[in-house]
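Participant: Sequence first, predicted model second:
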There are 4 protein chains.
Amino acid sequence: MARLKLGMVGGGRDAFIGGVHRIASRIDDHYELVAGCFSSSAEKSKASAADLGVAPERAYGSFDEMARSEAARDDGIDAVAIVTPNHVHYPAAKAFLEAGIHVICDKPMTTSVEDAEALARLVEKSGRVFVLTHNYTGYPMVRQAREMVRAGELGRIRVVQAEYPQDWLSTKLEETGQKQAGWRTDPERSGPAGCTGDIGTHAYNLARFVTGLELDQLCADLDTFVEGRALDDNAQMLLRFKGGARGMLWASQVAPGNENALRLRVYGEKGGLSWAQEDPNYLHVTMLGEPPRLVTRGGNGSGPVAGRVSRVPGGHPEGYLEGFANIYSDAAELIRAAGEGREPDPAATGVPTVADGVDGVRFIAAAVTSSLEGGSWVRP
Amino acid sequence: MARLKLGMVGGGRDAFIGGVHRIASRIDDHYELVAGCFSSSAEKSKASAADLGVAPERAYGSFDEMARSEAARDDGIDAVAIVTPNHVHYPAAKAFLEAGIHVICDKPMTTSVEDAEALARLVEKSGRVFVLTHNYTGYPMVRQAREMVRAGELGRIRVVQAEYPQDWLSTKLEETGQKQAGWRTDPERSGPAGCTGDIGTHAYNLARFVTGLELDQLCADLDTFVEGRALDDNAQMLLRFKGGARGMLWASQVAPGNENALRLRVYGEKGGLSWAQEDPNYLHVTMLGEPPRLVTRGGNGSGPVAGRVSRVPGGHPEGYLEGFANIYSDAAELIRAAGEGREPDPAATGVPTVADGVDGVRFIAAAVTSSLEGGSWVRP
Amino acid sequence: MARLKLGMVGGGRDAFIGGVHRIASRIDDHYELVAGCFSSSAEKSKASAADLGVAPERAYGSFDEMARSEAARDDGIDAVAIVTPNHVHYPAAKAFLEAGIHVICDKPMTTSVEDAEALARLVEKSGRVFVLTHNYTGYPMVRQAREMVRAGELGRIRVVQAEYPQDWLSTKLEETGQKQAGWRTDPERSGPAGCTGDIGTHAYNLARFVTGLELDQLCADLDTFVEGRALDDNAQMLLRFKGGARGMLWASQVAPGNENALRLRVYGEKGGLSWAQEDPNYLHVTMLGEPPRLVTRGGNGSGPVAGRVSRVPGGHPEGYLEGFANIYSDAAELIRAAGEGREPDPAATGVPTVADGVDGVRFIAAAVTSSLEGGSWVRP
Amino acid sequence: MARLKLGMVGGGRDAFIGGVHRIASRIDDHYELVAGCFSSSAEKSKASAADLGVAPERAYGSFDEMARSEAARDDGIDAVAIVTPNHVHYPAAKAFLEAGIHVICDKPMTTSVEDAEALARLVEKSGRVFVLTHNYTGYPMVRQAREMVRAGELGRIRVVQAEYPQDWLSTKLEETGQKQAGWRTDPERSGPAGCTGDIGTHAYNLARFVTGLELDQLCADLDTFVEGRALDDNAQMLLRFKGGARGMLWASQVAPGNENALRLRVYGEKGGLSWAQEDPNYLHVTMLGEPPRLVTRGGNGSGPVAGRVSRVPGGHPEGYLEGFANIYSDAAELIRAAGEGREPDPAATGVPTVADGVDGVRFIAAAVTSSLEGGSWVRP
């Protein structure tokens, strides 16, 4: 099967997530990187292209130019990965969709609800594939968890506990010139939320992905503990889901001892489950009245939905990059199906898309509003 | 050193917590059980007395009679342990305090703020010792955690995460005749809160004990997931502490896979810590910029405050009963100091007392009010 | 039920294990300590007696005198706990058995196979109860494990992995005056083995207790890593059990990062289990083809044999002292049954006794022989 | 940097490890797969080639033909990955080395010591790079552990505990037609050892890699628990290292509850460490007298040696495939340096090579000899 031709916006030298996207795109051999706007400086973009084995004539200094040029080539890219700071997601996605190119975009999707909704309309109109890299949904044990909830194994869901604590912004790292900290704490590039948009939205998306529950209302306290920081670095929320389930969500960048401690716990009438991103090959499941069981990726109790997105046997851990690769591989299936005018593998359609992006941006906006109102209950 | 003479109210056959109190009182050999009102039926009380080696003439059918009779004896009890359902705590404590007898009382202290405040005045007036068995504060690693916070090792506290999930009331156990479930879900005996009063208050007390922070406001969702149950079986709250720290608290009796999963996490400017009741000999501590360290009871990094309340070397786990015994041993020191007219060992004075009881009952009342108001912010 | 009258040999000030025995004897209220030879100095013995509430006239300076005097009293002790260094076990046990007093004795039982066999004959002749405090067999989850093996749930046992690493003797602690280190590294008081006798024998006994397997042959390397130490501080062995099962045993006092990391793993044709002393409320069980399950003390999957020796519900951890107390409580049942001329509760008869003591001493002797012969295969 | 052209021997449809090698070779983008002898049937080989995007004219039915043909092409492969059952390793490696092609070969290197030694001479003579995929040495935390031992942080090493239990061969899986089980239990294809050669050699290599210790003698019990199986499925050994360190090694395919539970523990005069393959991002380190610390990949306490072979920040787990990719990336550096006539990056030279292969095969032979002799002490 021929590889898809992939372009990238962002992801030049010093970037973190661009390299992740590139490895993720290679793992299952569905893509070849052939073009990029790796920087808004054409010169820097060409330097990165040289590092990455991309032809110099396909290294661009503007995403608009890239979209036009690639659309015009016979061997132009099939899809683009947008891996920039948040504020560029919307205009870049718009440019490529309008050029008829499929989009794989980082989260949060946009910096405003208006942009998110506009993008959703644009995707619909374009008929192109739009995949949002809420990459944690790619982990096999997350897929397994979702499948168990869907199958009713836990019964009706009552309580959802989601959290994503980190500690890397416990001090004012953005003042040291650290690029990741720089843009994430800058409202111009990050949007109206800091911690909430960067990682809170991952926790929220994961809860939604696994449980299928829809948010009815939230009540949020967004705080900034590091003096002089412009955006929230700690967020705590109560969640009320439609149908009566209750939840809590905590995201923090100031919790020493936590690296990327994303964790989801779901409790239903008949059972409960717990999953932690830092130990992603394990799913803890307890059916009421039975001893807790440990379902491992590839092990007993893990079903075909997880098996489909696994590469190696149980006890040989897969990690973050493989989870990310699963998003890319599902995207490849959607893109090929679109190209071939056929229905995609239903198993691939669970991958987060523009609707999840809108949902996530609304979540962020509701949290910001609630907090500004002193912790009021807000509908997203 | 002669043993203190102990009486007990409650704790007859079928009771759970009475047996715990008795073992806790024996472990360090400071008490001898010599009297009791083990049941409101004089006959049942005598039967329990026979089981327990208590003389039949000191087995009473009413706590008022017991208070009067014991106060009148030359060899009357020094202290009474009140281990009944919640609604009896206040009248029983009142009777013994008025009879000049020291009181060790289970939590929550009373079923209303009014009673709690009245009891506090009574304790003050009586000059007697009043100890509240928020037993989790007796664990050595909890003492260690508190000491580290006090010493400023974590810096100014920013975030506090407390939770106490259980699963035993996931179904309507109270309908099966199970006594523990029966009174805990009955407003007449339990007071206005279920889960919040039974275990939420433990989580709240633990957070306060370790951090020393005072609650400013809370916003709570108290829910009843099991149909037909009269009291809350799941409670979720946002906490705002005086001085700006933020917290979350979750208590649940409907979370399958959790037995007594009380857990506290505290994050400050310089470090964080985590402690879990089910693995109580471990304290996880991370100083910003250093690898996480595991401080074990009796091991390296554990100081004299924890050592004082430990009996065996590191690697030989102490558990729930030893933690409970530490409350009893500290109470013994307070009682003896009172009897000898001397100041008690300062290390023993951290044990929860009537002020913590008032604080806990106010917390419960605020949570109930907030929830009734649809999740408003309430000051306790 | 009247308490049994207990005496103690050893366990004076500075001793560690004496205090443990005393707490263990109190937890379930079956014993009262009324006499003791707490030191070979009568004066020191009386000082300890005063600390412990033992009458001065029942504080002895020699165990022979104590045995004679107590046997002559109407209110003499029912049983004696021998908690001295190893070399005293045999003569003290002999004295009390000959005086008709039941014996609870620390391990290893004696310092030579000859003494062990002589003691076994003496116990038989005396008709007295002899309980050996291989206390780890008292843990509820160890009892549960044994029950599962007995019931055939794991199928025929193939592999047994036992280990007990510590780190406290990684340096020459015995030179600092630390008493525990002093006698344990002294052949005069400890016998021919150090680490092997002190903790290797616990690991061996635990393996035997849970699996019921009998040792056929062993091959051992006993080493002394701390220069100038007289006894082994690290022991590694291959075990061949009768019937074909294979095992390994490691005991060490020089393994940094290990406190009392006794661990047993048992693998059979149909399933496997794992238990660790430092987390004793958990039993990890995997049936072939099923996900691993976590059986907790008091939780689902834990049966009546464990429940019989538990005091508090699941999720409220019991520890080392409760496990030790279970040995004392089983001993109490044996002693009372002997006194009443009835058969004891069959569940109490699993407690280690003189036969296990002989077996343990033979194990030690075989390991020492094998190692002296350069790692030959030796039958115990 | 242009990609290296890679060929593969083995790894057709139904193979497990071939796919792993291919992903590992892609992750860091150093290789492109362009040729292969994926099966000894030319037809099957071509079918696999089509799956893999390899040109049909470069799909071979014999490795000899492939070596000759590729060596003759201008665009012939730079290196070959040999991923067949064990018995093919030697002849295939010989063919490619003689054709001047670099070799990346699976383990155990050969099925006899004679072949291993012959291969070592051949590598020396050829001047080609030979890398052995003892892939566990590629894990960042294994590199970190080795670096700590080398730097003397643990002091002189005393005790080494290595184990690799699995459970997948607890029943006679080879009779079901499962291909992996088939060749691994067949002496014709696996060599004289089963479990010992397949996974015992990994545990041994890991111990050697981290500690640098050389084996002096071993005493082994190799057993076959599944009736009718031709090779060992459980191996237990005592190890004596040169210089006095002692070790134990356990490998098993019949230990229910274990997937790929490779674990190494190393104890020295000053500290100890523990690493487990199933949780590979964690290194547990304890310095004597300090609390245990958790060093995470990318976290505090993890140094540049681990950082060099990491791709994503701490808390985002890397797994088996990334560890494997590190072997491939180090091999790429060795191959490029050879091509450019320069010294390779010294950090890449730690990758296992032919000398480790000889050492591993000698280990297997010694274990087999010892066991055949009833558990004698054998020098490798």
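Facilitator: All right, it came through fine. Numbering: from 1, shown residues only, chains lettered A, B, ... in the order given.
Participant: rest of the way, CA atoms for contacts and neighbours
Facilitator: Fine.
Participant: now the helices for the stretch 201-350 of chain A?
Facilitator: Along the stretch 201-350 of chain A, counting by DSSP state H, counting those that start in this stretch, helices occupy A:201-211, A:304-308, A:320-340.
Participant: Correction: the previous question concerned the stretch 1-150 of chain A.
Facilitator: Going by DSSP H, counting those that start in this stretch, the stretch 1-150 of chain A shows helices at A:17-27, A:42-52, A:63-72, A:86-98, A:113-126, A:140-150.
Participant: Please tabulate these in CSV and include mean neighbour count, distance to C:T296 and mean pLDDT as additional columns.
Facilitator: Converted to CSV, these look like this (neighbours: other Cα atoms under 10 Å in any protein chain shown; distance: least, Cα to Cα, whole Å; pLDDT from 0 to 100):
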stretch, mean neighbour count, distance to C:T296, mean pLDDT
helix A:17-27, 22, 40, 96
helix A:42-52, 19, 53, 95
helix A:63-72, 19, 58, 98
helix A:86-98, 21, 47, 98
helix A:113-126, 18, 48, 98
helix A:140-150, 24, 23, 98
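Participant: re the thing from before, take the helices of the stretch 201-350 of chain A and write them to JSON lines, including distance to chain C and mean neighbour count.
Facilitator: Formatted as JSON lines, the helices of the stretch 201-350 of chain A follow (distance: least, Cα to the nearest Cα, whole Å; neighbours: other Cα atoms under 10 Å in any protein chain shown):
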{"stretch": "helix A:201-211", "distance to chain C": "21", "mean neighbour count": "23"}
{"stretch": "helix A:304-308", "distance to chain C": "15", "mean neighbour count": "17"}
{"stretch": "helix A:320-340", "distance to chain C": "22", "mean neighbour count": "23"}
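Participant: Nearest to chain B among these would be which one?
Facilitator: Proximity to chain B (Cα to the nearest Cα) singles out helix A:201-211 among the helices of the stretch 201-350 of chain A, at 15.1 Å.
Participant: Could you pull up the contacting residues of the closest residue to A:E32 other than its chain neighbours?
Facilitator: Closest residue in space to A:E32, ignoring its immediate chain neighbours: A:K5 at 5.2 Å, by Cα to Cα, 6 or more residues apart in numbering or on different chains. For A:K5, the contacting residues are A:31-34, A:76-79, by Cα atoms under 8 Å, 6 or more residues apart in numbering or on different chains.
Participant: State the distance from A:T137 to chain B.
Facilitator: 23 Å (Cα to the nearest Cα, to the nearest Å).
Participant: how far away is that residue from B:R128?
Facilitator: 59 Å (Cα to Cα, to the nearest Å).
Participant: Provide the partner residues of the residue of the stretch 251-380 of chain A found nearest chain C in its beta bridges.
Facilitator: Closest contact between the stretch 251-380 of chain A and chain C, by Cα to the nearest Cα, is at A:R293 (4.2 Å). Counting by DSSP bridges, A:R293 is bridged to A:V285, C:R293.
Participant: Give me the neighbour count for it.
Facilitator: A:R293 sits with 24 neighbouring residues when counted by other Cα atoms under 10 Å in any protein chain shown.
Participant: In this structure it contacts C:V295, no?
Facilitator: No. A:R293 is beyond contact range of C:V295, at 9.1 Å (criterion: Cα atoms under 8 Å).
Participant: Just the element for A:A181, please.
Facilitator: A:A181 is located in helix A:179-184, with elements delineated by DSSP states H and E.
Participant: mind giving me a markdown table with the helices of the stretch 1-150 of chain A and columns for distance to chain D?
Facilitator: Converted to a markdown table, the helices of the stretch 1-150 of chain A look like this (distance: least, Cα to the nearest Cα, whole Å):
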| stretch | distance to chain D |
| --- | --- |
| helix A:17-27 | 6 |
| helix A:42-52 | 7 |
| helix A:63-72 | 23 |
| helix A:86-98 | 20 |
| helix A:113-126 | 28 |
| helix A:140-150 | 14 |
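Participant: closest one to chain B among these?
Facilitator: If we rank the helices of the stretch 1-150 of chain A by Cα to the nearest Cα, the stretch that ends up nearest is helix A:140-150, at 13.9 Å.
Participant: still on that earlier bit, check whether the helix holding A:A181 contacts chain D.
Facilitator: No. Applying Cα under 8 Å from any Cα of the partner chain, one finds helix A:179-184 separated from chain D by no less than 11.7 Å.
Participant: need the next SSE after that helix, C-terminal direction.
Facilitator: Sequence-wise, the next helix or strand downstream of helix A:179-184 (DSSP H and E) is helix A:187-190.
Participant: still on that earlier bit, using TSV, please lay out the helices of the stretch 1-150 of chain A together with distance to D:G301.
Facilitator: Putting the helices of the stretch 1-150 of chain A into TSV (distance: least, Cα to Cα, whole Å) gives the following:
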stretch	distance to D:G301
helix A:17-27	24
helix A:42-52	30
helix A:63-72	40
helix A:86-98	32
helix A:113-126	42
helix A:140-150	29
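Participant: Is A:L262 in contact with A:A276, as I believe?
Facilitator: Yes. Judged on Cα under 8 Å, A:L262 makes contact with A:A276 at a distance of 5.9 Å.
Participant: related to what we said a few turns ago, between the helices of the stretch 1-150 of chain A, which one is nearest to D:K46?
Facilitator: helix A:17-27 (22.5 Å; Cα to Cα).
Participant: Could you list the residues of chain A in contact with chain C?
Facilitator: So far as Cα under 8 Å from any Cα goes, chain A lies against chain C at A:289-296, A:299-301.
Participant: Let me know the closest of those residues to D:D232.
Facilitator: Nearest to D:D232 among the residues of chain A next to chain C, counting by Cα to Cα, is A:G299 at 23.9 Å.
Participant: What are the phi and psi values at the closest one?
Facilitator: phi -100, psi -170 (degrees, to the nearest 10).
Participant: give the contact list for the closest residue to it other than its chain neighbours.
Facilitator: Distances taken as Cα to Cα, 6+ apart place A:G314 nearest to A:G299, at 5.2 Å, with adjacent residues excluded. When contacts are counted by Cα under 8 Å, 6+ apart, A:G314 touches A:296-299, D:259-260.
Participant: who are the neighbours in contact with the residue nearest to A:G289 when sequence neighbours are not counted?
Facilitator: Nearest non-adjacent residue to A:G289, counting by Cα to Cα, 6+ apart: C:N300, 6.0 Å away. Contacts for C:N300 were tallied using Cα under 8 Å, 6+ apart; they are A:289-291.
Participant: Mind giving me the PyMOL command for buried ones among these?
Facilitator: Selection of the buried residues among the contacts of C:N300 in PyMOL, burial being defined by 16 or more other Cα atoms under 10 Å in any protein chain shown:
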select buried, chain A and resi 290+291
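Participant: Using a markdown table, lay out the contacts of C:N300 together with pLDDT and distance to B:V20.
Facilitator: A markdown table is the format used below for the contacts of C:N300 (pLDDT from 0 to 100; distance: Cα to Cα, whole Å):
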| residue | pLDDT | distance to B:V20 |
| --- | --- | --- |
| A:G289 | 97 | 25 |
| A:E290 | 98 | 26 |
| A:P291 | 98 | 25 |
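Participant: Return the member of the contacts of C:N300 nearest to chain D.
Facilitator: Taking Cα to the nearest Cα as the measure, chain D lies nearest A:P291 of the contacts of C:N300, at 15.3 Å.
Participant: who's in contact with the closest one?
Facilitator: Residues near A:P291 by Cα under 8 Å, 6+ apart: B:257, C:293-296, C:299-301.
Participant: same thing but at 7 Å, please
Facilitator: Contacts for A:P291 (Cα atoms under 7 Å, 6 or more residues apart in numbering or on different chains) come out as C:293-295, C:300-301.
Participant: Let me know the closest of those residues to D:G100.
Facilitator: C:R293 (52.9 Å).
Participant: Run through the residues that contact the residue positioned nearest the centre of chain A.
Facilitator: Nearest to the mean C-alpha position of chain A, counting by Cα atoms, centre = their mean, stands A:H134 at 1.7 Å. Contact analysis of A:H134 by Cα under 7 Å, 6+ apart lists A:107, A:202, A:352.
Participant: Tally up the residues packed near the first one, please.
Facilitator: Neighbourhood size, A:K107 [other Cα under 10 Å]: 26.
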